[in-house]
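K.L.:
here you go, sequence then predicted model.
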Amino acid sequence: MDTLLHIHSFPLFVRMLRFSLRFSRTYPETYSWSRGDNDMDEKGLRMRFRNENTFFRANQKGISELVHTRYERALRRVEQTLGDEIYNYINGVWKRARERPFEDRFPGDLSILNHTFQSSSPTDVRLAISSAKSSFKFWRTVDYLDRCEIFDRAAAIMSKRKYELAAIVTLENGKNRFEAMADVDEAIDFLRYYSYQMKLNKGYSHEMPPAFPNERPRNLLRPFGVWGVVSPFNFPMAIMAGMSTGAMITGNTVVVKPASDAPWPAFVFASILEEAGLPPGVFNVVTGSGKRIGGEILRSPEVSGFVFTGSRSVGLSAMKIFHKKMPRPFIAEMGGKNAVIVTSKADLQEAVEGVGRAAFGYGGQKCSACSRALVERSIFYDFVRSLKDWTEGLIVGDPRERKTYLGPLINRAAVRKYVRCCRSARAAGKILFGGELLHPDGLEGYYVAPTIVTNLKKDHPLVVNELFLPFVCVIPINSLEQGIRIANSSEYGLTSGLMSHDESEIARYMDEIEAGTIYANRRTGASTAAMVGSQPFVGWKMSSTTWKAAGGMYYLPQFMREQSQTRCV
């Protein structure tokens, strides 16, 4: 810790020079990627972005076995480090709270304690906010290219250590290795893409044409100040890193409150940012009760903005509190009730896989998960039978095992909700498959069966409300028109999918569906898995408060306010 503090005592430009020299030696390939010779703009910056895409690239190169081997070795290494008490990270220092820490256990095997984390008090939160506010005075003055350089370095460090990071995600929230690696890949993508966008837009500062000869006008976007960041359990690396980076790379400072079910990745990210050269106080992390800690951040007059991913009820309540005394930017993604429409023009097996992967990937614990399959009546029974057969082949079990498709739910409350939903489905409809608790290999974890339900009315709560479970309702429709009407009847509008190879149906669907992120014929996940920089992830209606997409070209300006400057000469 003394060494880290000594590093932080250097002026930023000295530290950055030293890190740049060390970085170019340690990560030469990535350094060349960010400041290469091709695809240059007038400042010599490389204007190119490429997704990390670990498993896809490994398959292309024929080295997927190597990825599995590296992940398994990393998992064994990470498992040897468990059981520590992790302190809050405030102003570049690891600080212990006064109250008793809480336990964070592996949801796939509750006998495994990952770490313990701080039960922070309002005093701890106020200290983090004060630290962020003090650091903002300096951080906002740092040139945008220097800020980008830090996040490019952080992305390179994450890429080099991605197997350990993926193993941490598996132990933290129960994702299998494919989902965990995708989580880490997405985090890396966010850092690189937002750096790319800052460079592409020249720091969002532009000279304007003068109205009079003696005027020199400029239009620019400037940071607000301190941002509160509340991140969810389901993408504990990607969403946490993406929201935080969006705020920091634009010149703001942050206080992060990660989900209590998955706090570990936020502290790993803190260490990576510190290694990359981020000044102390720019990134702060506190853990504890959402109501207590999140409430303190929301009510603080020192917090200038708030970014959140979670449920609609929590998001709306938080927005009301945050806007009570003054207008402040509030960016929230608040879930969805996502429908996939399957018409008679679909490839049946393609549709089954697309719906199944979207419904049951990570146990349906994604805001983009398919929870409604609207299937044209002429193929309804064939589709349902095929979906049941496909689902029967899924392996539910320990997410550390290569063969596992579905790991555990995140906590006991999720299991209780699953039980209630299954009871309701049996009473009002028919459970075609699933509907039971599981105990694979005798593990004490939160395991449930993927569940397919039919015969529910279109207005049944299970069809209307977001569930966050491996639970899909299959509903017959008479036509694409009816399917679009039912899909659009939801108060949410996050993601949606169509399975049809009729171009006129695709065109109509794309024009009429009321959702922000939509797909046609996506076999790998009919409503899920948006890629940074390719498929910006955005919700409409009750799914969002700003209707701007993460991983897209319009995301970063939300973290800044516009200013018009004119100098007269």
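P.N.:
Thanks, I have the structure now.
K.L.:
only C-alpha atoms from now on, for both contacts and neighbour counts.
P.N.:
Will do.
K.L.:
over to the residue nearest the centre of the chain: give its phi and psi.
P.N.:
Here the mean C-alpha position of the chain is nearest to the C-alpha of Ile239 (CA atoms, centre = their mean), at a distance of 2.6 Å. Torsion angles at Ile239 (phi, psi; degrees, to the nearest 10) stand at phi -70, psi -40.
K.L.:
if I pick it, what's in contact with it?
P.N.:
187, 231-232, 309 (CA atoms under 8 Å, 6 or more residues apart in numbering).
K.L.:
now do it, the pLDDT please.
P.N.:
Turning to Ile239, the model gives it a pLDDT of 98.
K.L.:
and it, how far from Thr309?
P.N.:
Separation of Ile239 from Thr309 (CA to CA, to the nearest Å) stands at 8 Å.
K.L.:
spit out the residues that contact these two alike.
P.N.:
The overlap between the contact sets of Ile239 and Thr309 (CA under 8 Å, 6+ apart) consists of 231-232.
K.L.:
where are the low-confidence patches of the stretch 251-400 of the chain?
P.N.:
Within the stretch 251-400 of the chain, no range satisfies pLDDT under 70.
K.L.:
mind listing the strands for the stretch 401-550 of the chain?
P.N.:
Under the criterion DSSP state E, counting those that start in this stretch, the stretch 401-550 of the chain contains strands at 430-433, 437-438, 447-448, 451-454, 471-477, 492-493, 495-499, 517-520, 540-541.
K.L.:
which helices and strands does the fifth one pack with?
P.N.:
For strand 471-477, the contact count by 3 or more CA pairs under 8 Å, 6 or more residues apart in numbering; DSSP states H and E identifies helix 348-360, strand 370-376, strand 451-454 as packing neighbours.
K.L.:
at 6 Å instead, please
P.N.:
Contact analysis of strand 471-477 by 3 or more CA pairs under 6 Å, 6 or more residues apart in numbering; DSSP states H and E lists strand 370-376, strand 451-454 as its packing neighbours.
K.L.:
minimum distance to Ser205: which of those has it?
P.N.:
Shortest separation from Ser205 across the helices and strands packed on strand 471-477 is recorded for strand 370-376, at 40.6 Å, computed as CA to CA.
K.L.:
and the angle for the helix or strand that the closest one is followed by with strand 370-376?
P.N.:
Under the assignment DSSP states H and E, the closest C-terminal helix or strand after strand 370-376 is helix 380-392. Taking axes from the mean of the first three to the mean of the last three CA atoms, to 10 degrees, helix 380-392 and strand 370-376 form an angle of 150 degrees between their directions.
K.L.:
ok, and what's touching helix 380-392?
P.N.:
Taking contacts as CA atoms under 6 Å, 6 or more residues apart in numbering, the residues outside helix 380-392 that touch it are Val352.
K.L.:
how far away from the center of its chain is it?
P.N.:
With CA atoms, centre = their mean, to the nearest Å as the basis, the distance from the averaged C-alpha position of helix 380-392 to the chain average is 31 Å.
K.L.:
now swap in stretch 450-467 and tell me
P.N.:
Relative to the mean C-alpha coordinate of its chain, stretch 450-467 is positioned 26 Å out (CA atoms, centre = their mean).
K.L.:
CA atoms only for that stretch, dumped as CSV, please.
P.N.:
The C-alpha trace of stretch 450-467 is given here as CSV (Å, rounded to 0.1, in the frame of the first residue of the first chain):
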residue,chain,number,x,y,z
PRO,A,450,-35.3,-24.3,-17.2
THR,A,451,-39.0,-23.9,-17.5
ILE,A,452,-41.4,-23.8,-20.5
VAL,A,453,-45.0,-22.7,-19.9
THR,A,454,-48.0,-22.7,-22.2
ASN,A,455,-51.8,-22.0,-21.9
LEU,A,456,-51.4,-18.7,-20.1
LYS,A,457,-53.6,-15.8,-20.9
LYS,A,458,-51.9,-12.8,-22.6
ASP,A,459,-52.5,-10.6,-19.5
HIS,A,460,-51.4,-13.1,-16.9
PRO,A,461,-48.7,-11.6,-14.6
LEU,A,462,-46.2,-14.2,-15.7
VAL,A,463,-46.6,-13.0,-19.3
VAL,A,464,-46.5,-9.3,-18.3
ASN,A,465,-43.9,-8.9,-15.6
GLU,A,466,-40.2,-9.2,-15.8
LEU,A,467,-39.1,-12.4,-14.0
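K.L.:
flag every buried residue along it.
P.N.:
Going by neighbour count (16 or more other CA atoms under 10 Å), the buried part of stretch 450-467 is 450-456, 462-464, 466-467.
K.L.:
swap in stretch 469-487?
P.N.:
Taking 16+ other CA under 10 Å as the neighbour-count basis, stretch 469-487 is seen to contain the buried residues 469-477, 479-480, 483-484, 486-487.
K.L.:
which of those sit farthest apart?
P.N.:
Across the buried residues of stretch 469-487, the two lying at the largest distance from each other (CA to CA) are Leu469 and Ser479, at 27.7 Å.
K.L.:
if you drop the residues flanking it in sequence, what lies closest to Arg328?
P.N.:
With sequence-adjacent residues excluded and distances taken as CA to CA, 6 or more residues apart in numbering, Arg328 is closest to Gly305, at 5.8 Å.
K.L.:
name the surrounding residues that touch the helix or strand where that neighbour lies.
P.N.:
With elements delineated by DSSP H and E, Gly305 resides in strand 303-309, which encompasses its position. The set of residues external to strand 303-309 that reach it, using CA under 6 Å, 6+ apart, is 224-231, 328-333.
K.L.:
so how do I select the buried members of these in ChimeraX?
P.N.:
Here is the ChimeraX command that picks out the buried ones among the contacts of strand 303-309, judged by 16+ other CA under 10 Å:
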select :224,225,226,227,228,229,230,231,329,330,331,332,333
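K.L.:
biggest separation within the contacts of strand 303-309, which pair?
P.N.:
Of all pairs drawn from the contacts of strand 303-309, the one with the longest distance (CA to CA) is Gly225 and Glu333, at 21.2 Å.
K.L.:
how is this protein divided into domains?
P.N.:
In terms of domains, the chain is parsed into 84-152+184-334+549-568, 338-532 (source: automatic domain parsing).
K.L.:
turn those into a markdown table, including distance to Arg73.
P.N.:
Listed next are the domains of the chain as a markdown table, based on distance: least, CA to CA, whole Å:
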| stretch | distance to Arg73 |
| --- | --- |
| domain 84-152+184-334+549-568 | 17 |
| domain 338-532 | 11 |
